[in-house]
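> compute the structure for the input listed below.
(one chain, ligands or ions: 1)
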Amino acid sequence: MKNTDQRHFATQAIHAGYQPRAHQGALTPPIYTSSTYAFDSVRQGGEAFQGENDHFIYARLGSPSQQLLENRLAELEQAEAALATASGMGAITAAIWSLVKPGDEIIADLSLYGCTFSFLAHGLKPFGIEVTFLNLSDPANLARHITNKTKLVYSETPSNPNMRLVDIAALADITRAYDCKLMIDNTYCTPYLQNPLTLGADLVVHSATKYLGGHGDLIAGFVAGTKPDMDHIRMFGLKDMTGAVISGFDVALLLRGIKTLHVRMDRHVENAHQVAAYLEQSKYVKNTFYPGLQTFAQRQLADRQMRQAGGMIAFELNADRAQSAAFVDALQMILCAVSLGDAETLIQHPASMTHSTYSEEELLAHLISPNLIRISVGLEHIDDIITDLDQAFESVF
Ligand SMILES: CSC/C=C(/NCc1c(COP(=O)(O)O)cnc(C)c1O)C(=O)O
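Purely as a prediction, here's the structure:
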């Protein structure tokens with residue numbers, strides 16, 4: 001038997017960090033909902049607040065089940081440590097508040113999830129933090145612009161919603177020459193398909209709401225990286241700046257979701273390959289953006305950086321905005337809803353929904369087509385997914 005740090009991803013996702021015999025044989029970890037923890041003495045309490053013992057203090061600082069979840073997430077992202085949060089935005093904001101101060105600059109990729117864009121473009125501005133958006137798909141753009149003021153470089157890859165990639169290793173080669181950290185949002189891939197830290201990133205963040213939970217029944221996030229960075233983000237970015245504490249119930253749901261992540265991702269990918277091929281050959285579709293297609297502009301980088309092509313597709317119809325909306329509305333099984341990574345196939349129009357925080361001009365400047373449609377390919381039988389797409393095309397065009 002391999003020792004624990006050499007076991008395969010699938011096994012670690014199920015077993016890492018938990019021994020039933022240490023919990024009266026309970027197969028699944030106990031759920032901790034306690035808000036606070038009693039001490040034997042003032043001395044023990046004082047030592048806990050100074051970090052001189054490993055006694056739990058208060059749920060905003062962690063719990064035994066949250067610690068198990070964080071250790072398992074760190075294992076899966078091959079990180080020293082991880083911090084679980086109440087949402088993906090909770091992880092992103094707690095981390096960024098901890099890493100920059102007035103006078104610093106952040107360089108971010110052009111295409112980001114709508115609320116991440118809003119936090120960077122508008123939320124940080126009153127605090128004297130300069131944010132520059134560049135097309136980081138070309139690392140030369142970063143090399144030309146980065147200075148000693150740049151303390152954080154941020155990107156998603158693939159990006160939500162338009163599927164653009166950045167070369168993590170190439171960006172890391174540039175940031176490591178400066179006092180600057182590289183932070184990658186790995187939500188679309190999950191640790192099963194891509195590990196940014198092993199490619200040189202300093203921090204990785206996730207909306208665990210998505211594939212990690214996998215069943216549309218929780219909101220959560222996490223950030224992973226070095227232990228010093230995670231301790232700082234926990235004790236400043238989370239404890240004081242955001243309070244984005246994950247609940248004991250969501251910890252339990254997330255531990256359960258992670259157990260099947262590898263199985264679900266394989267099926268998401270299998271279905272997405274077939275949906276992308278179907279869309280690409282359709283006379284109703286103008287462009288299909290999927291890392292698994294031969295026509296994908298960054299296919300070589302995708303093959304190098306991602307273990308599989310993922311479950312997300314973006315596409316544009318040979319139609320105007322009204323007809324594109326009519327197509328989405330004509331779907332009968334596939335649901336028009338935001339979020340992604342669920343068992344259900346979900347479809348939405350970013351310009352009017354998840355990326356409505358961008359103005360019309362900003363959408364174009366950030367390479368997000370106003371007519372783009374995003375689909376999160378689910379776990380239904382592929383024939384039923386294709387049949388639904390087919391009937392919607394026939395009924396609208
Ligand atoms: C109201 S739109 C629904 C949410 C969507 N995305 C979320 C998201 C977050 C933020 O994660 P939470 O805070 O857990 O939602 C961070 N990073 C990425 C790449 C994300 O996609 C969405 O449908 O694209």
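> going by C-alpha atoms from here, please, whenever you check contacts or count neighbours.
Fine.
> tell me the contacts of the nearest residue to Phe289 once chain neighbours are set aside?
Excluding the flanking residues, the one nearest Phe289 by Cα to Cα, 6 or more residues apart in numbering is Ala314, at 5.1 Å. Neighbouring residues of Ala314 by Cα atoms under 8 Å, 6 or more residues apart in numbering: Pro161, Asn162, Met163, Thr288, Phe289, Tyr290, Leu372, Ile373, Arg374, Ile375.
> so Ala314, which of the three states?
strand (DSSP: H, G, I helix; E, B strand; the rest coil).
> check Thr288 too.
Three-state assignment for Thr288 (three-state DSSP): strand.
> ok, it to the ligand distance?
Using Cα to the nearest ligand atom, to the nearest Å, we find Thr288 at a distance of 18 Å from the ligand.
> was I right about that residue contacting Leu279?
Yes - counting by Cα atoms under 8 Å, Thr288 does reach Leu279; the two are 6.6 Å apart.
> for the ligand, state which of the contacts of Ala314 is nearest.
Distance to the ligand, by Cα to the nearest ligand atom, is smallest for Pro161 among the contacts of Ala314, at 7.2 Å.
> get me the contact residues on the chain for the ligand.
87-89, 113, 160, 187, 207, 209, 219-221, 338-340, 354 (Cα under 6 Å from any ligand atom).
> drop anything exposed from those.
87-89, 113, 160, 187, 207, 209, 219-221, 339-340, 354 (16 or more other Cα atoms under 10 Å).
> among those, name the ones in helices.
Gly88, Met89 (DSSP state H).
> got the buried ones among the residues of the chain next to the ligand as a markdown table, with pLDDT columns?
Rendered in a markdown table, the data for these read as follows (pLDDT from 0 to 100):
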| residue | pLDDT |
| --- | --- |
| Ser87 | 98 |
| Gly88 | 99 |
| Met89 | 98 |
| Tyr113 | 98 |
| Asn160 | 98 |
| Thr187 | 99 |
| Ser207 | 98 |
| Thr209 | 98 |
| Ile219 | 98 |
| Ala220 | 98 |
| Gly221 | 98 |
| Ser339 | 98 |
| Leu340 | 98 |
| Thr354 | 95 |
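> what do Thr288 and Leu279 both touch?
Common neighbours of Thr288 and Leu279 (criterion: Cα under 8 Å, 6+ apart): Phe315.
> give me the pLDDT for the closest residue to Tyr358 other than its chain neighbours.
What sits nearest to Tyr358 in space, not counting adjacent residues and going by Cα to Cα, 6+ apart, is Gly114, at 7.0 Å. For Gly114, the pLDDT comes out at 97.
> the chain: helices as residue ranges?
Going by DSSP H, the chain shows helices at 9-15, 42-49, 64-76, 88-99, 114-118, 139-145, 168-175, 227-232, 248-259, 261-281, 299-305, 321-330, 360-365, 382-396.
> highest mean neighbour count out of these?
The highest mean neighbour count among the helices of the chain, using mean count of other Cα atoms under 10 Å, belongs to helix 88-99: a mean of 23.
> quick one: contacts of it?
83-85, 115-116, 119, 151-152, 205-209, 219-223, 232-234, 236-238, 241-242, 244.
> please state the offset of it from the chain centre?
Chain-centre distance of helix 88-99: 13 Å, with Cα atoms, centre = their mean, to the nearest Å.
> so, low pLDDT: which residues of the stretch 101-250 of the chain?
Within the stretch 101-250 of the chain, not a single segment meets pLDDT under 70.
> residue in it nearest to the ligand?
As assessed by Cα to the nearest ligand atom, the ligand sits closest to Ser207 within the stretch 101-250 of the chain, at 4.2 Å.
> quick one, what contacts that residue?
Ser87, Gly88, Met89, Ala91, Thr187, Ile219, Ala220, Gly221, Phe222.
> tell me what it is bridged to.
Beta-bridge pairing of Ser207 under DSSP bridges involves Gly221.
> circling back to that earlier point, ok, the residue nearest to Phe289 to the ligand distance?
Plainly put, Ala314 is 12 Å away from the ligand if you go by Cα to the nearest ligand atom.
> who does that residue bridge with?
Phe289, Arg374.
> how far away is it from Gln348?
Noted for Ala314: a distance of 10 Å to Gln348, by Cα to Cα, to the nearest Å.
> mutual contacts of these two, please.
Ile373, Arg374, Ile375.
> please name the nearest non-neighbouring residue to the last one.
Distances taken as Cα to Cα, 6+ apart place Ile347 nearest to Ile375, at 4.4 Å, with adjacent residues excluded.
> what is the burial count for that neighbour?
Here the number of neighbours of Ile347 (other Cα atoms under 10 Å) works out to 23.
> I'd like the distance between the residue lying closest to His55 once chain neighbours are set aside and Ser41.
Nearest non-adjacent residue to His55, counting by Cα to Cα, 6+ apart: Ala48, 5.8 Å away. Per Cα to Cα, Ala48 is found 11 Å from Ser41.
> picking up where we left off before, just checking, the residue nearest to Tyr358 touches His355?
Yes - look at Gly114 against His355 with Cα under 8 Å: they come within range, at 4.4 Å.
> shared neighbours, these two?
With Cα under 8 Å, 6+ apart, Gly114 and His355 have no common neighbours.
> mind listing what the residue nearest to Thr209 when sequence neighbours are not counted touches?
In space, Thr209 comes closest to Ile219 once its chain neighbours are excluded; the distance is 4.5 Å by Cα to Cα, 6+ apart. Residues counted as contacts of Ile219 (Cα under 8 Å, 6+ apart) are Ala86, Ser87, Gly88, Ser207, Ala208, Thr209, Asp250.
> what's the answer for Gln348, then?
Val328, Cys336, Ala337, Val338, Ile373, Arg374, Ile375.
> biggest separation within these, which pair?
Farthest pair in the contacts of Gln348 (Cα to Cα) is Val328 and Val338. Separation: 12.8 Å.
> mind listing the shared neighbours of the two?
Residues within reach of Val328 and of Val338 at once, by Cα under 8 Å, 6+ apart, are Ile347, Gln348.
> verify the stated contact: Lys149 with Lys101.
No - Lys149 is not in contact with Lys101 according to Cα under 8 Å; the separation is 10.5 Å.
> hey, what's in contact with both of these two?
Contacts common to Lys149 and Lys101, judged by Cα under 8 Å, 6+ apart, are absent.
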